[in-house]
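**Student:** okay, predicted coordinates and the sequence, questions at the end:
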Amino acid sequence: MIGVVLGSAALAAAVVLAYRKLRQRRVARSLVIDMPAGIAEGRYLRIGGVDQWIQIRGLDRSNPVLLIAAGAGLPMEPFTPILQSWERHFTVVLWDRRDVGRTRGRNGKAGNETWTFDRLADDGIEVVEFLCRHLRQDKVILVGHSQGSIVGVTMARRRPDLLHAYVGTGQIVDMARNEQLTHRMALERARAAGNRKAVKALERFVPPYRDARTWITKLRWSMATDPEQRAWQRSAPATVLSWPTYTLADVYRSALGALFLPPRLFTETMSCTPETLGTRFEVPVLLLHGDDDLHTPPSLAEQYLGAVDAPAKEFVRLPGTGHMSMLARPDLFLAELLTRVRPLTATP
């Protein structure tokens with residue numbers, strides 16, 4: 001009997017793995033770039049003393065370069081098919097920063113107790129300098145999402161000469177107010193849905209959060225009561241599993257990445273304010289923000305932008321989208337990039 005069960009399990013696993021390989025081949029074929037001016041590269045760069053992974057894709061390497069600084073623990077590479085339409089208009093660069101995706105696979109968590117946003121911004125600046133040399137361009141567009149928006153703002157203020165513009169989405173601006181507001185909204189959603197488990201957890205873990213574990217617990221239940229996040233959590237695993245060059249170990253690291261937050265980065269995230277971010281910029285600043293963002297409310301980001309001094313600035317609400325607007329509605333996000341950001345790259 002045990003042998004029959006084990007045999008059935010092995011057969012089921014073999015079928016699943018065979019289907020995964022089929023899906024990986026289909027995705028790989030759909031992403032081939034064979035244009036003479038196109039580019040499709042993935043490589044490690046020696047950045048900040050460690051190997052860090054970047055992916056560069058576009059149909060015309062003379063297009064403006066768009067670098068995405070993603071949120072905590074989120075490798076963007078498996079979501080390349082979602083952003084494929086962007087590659088007609090931009091050379092899209094996805095960066096696995098420290099403790100993310102392939103960079104985590106190569107280096108592990110070594111030295112994480114010393115990581116700060118200044119360190120991540122220094123890494124990002126090195127990435128931009130490489131891209132400018134490699135692609136023979138003077139500047140890039142920088143997109144910062146969620147926790148990556150703190151990295152992005154720091155880079156923009158430190159090296160404006162390297163950027164056409166800074167674009168924030170799911171922009172973090174004032175975490176004390178952010179957590180009070182989003183905790184209350186999550187608790188209201190949980191009560192309205194009759195989700196007793198979520199209510200109990202949210203009533204137990206209240207801001208201010210003293211360690212990453214309690215904050216991640218709050219995030220878990222806040223996302224579990226967010227329709228956009230629930231849809232995202234249903235679709236994302238299949239997308240990651242189907243990524244052609246990912247091993248099962250890569251998939252595992254992708255799933256666990258968001259569950260670990262180095263201590264100093266947690267402390268700096270929780271203490272983020274408009275004053276620590278800074279409000280004086282020497283590059284255009286645009287915030288493309290999900291109108292239904294339940295995790296970094298647009299009202300706080302809009303208030304922050306109101307205090308920003310920059311050569312140009314604009315706040316755009318993306319209707320019907322939330323914290324994951326860039327990936328949930330890539331078409332809408334792209335339309336705003338083409339209308340409001342790409343013209344900023346034109347040579348005077």
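**Tutor:** Sure thing, it's come through.

**Student:** next one: the spatially most central residue of the chain from Ala307, what distance?
**Tutor:** Nearest to the mean C-alpha position of the chain, by CA atoms, centre = their mean, lies Ala70 at 2.4 Å. Distance, Ala70 to Ala307, by CB to CB, to the nearest Å: 26 Å. From N, CA and C alone the C-beta is placed, and that goes for glycine too.

**Student:** next one: Lys139
**Tutor:** From Lys139 across to Ala307, the span is 25 Å (CB to CB).

**Student:** who has more neighbours, these two?
**Tutor:** Set side by side, Lys139 and Ala307 show more neighbours around Lys139, with 20 against 11, by other CB atoms under 10 Å.

**Student:** quick one: residues contacting the more buried one.
**Tutor:** 65, 132, 161-164, 345 (CB atoms under 8 Å, 6 or more residues apart in numbering).

**Student:** re earlier: so what's the residue nearest to the centre of the chain up against?
**Tutor:** 76, 94-95, 97, 100, 145-146, 148.

**Student:** 6 Å instead, please
**Tutor:** 76, 145, 148 (CB atoms under 6 Å, 6 or more residues apart in numbering).

**Student:** can you check Asp292 too?
**Tutor:** So Asp292 contacts Gly322 (CB under 6 Å, 6+ apart).

**Student:** at 8 Å what do you get?
**Tutor:** So Asp292 contacts 228, 320-322 (CB under 8 Å, 6+ apart).

**Student:** that's a strand at Arg23, yeah?
**Tutor:** No: counting by DSSP: H, G, I helix; E, B strand; the rest coil, Arg23 is not found in a strand; it is helix.

**Student:** burial measure for it, as a count.
**Tutor:** 16.

**Student:** so which helix or strand takes in the closest residue to Pro81 other than its chain neighbours?
**Tutor:** Among residues not flanking Pro81 along the chain, Val27 sits closest, at 6.2 Å (CB to CB, 6 or more residues apart in numbering). Assessed by DSSP states H and E, Val27 sits inside helix 2-30.

**Student:** where along the stretch 51-200 of the chain do the helices fall?
**Tutor:** Counting by DSSP state H, counting those that start in this stretch, the stretch 51-200 of the chain has these helices, from start to end: 101-107, 117-135, 147-158, 175-193, 196-204.
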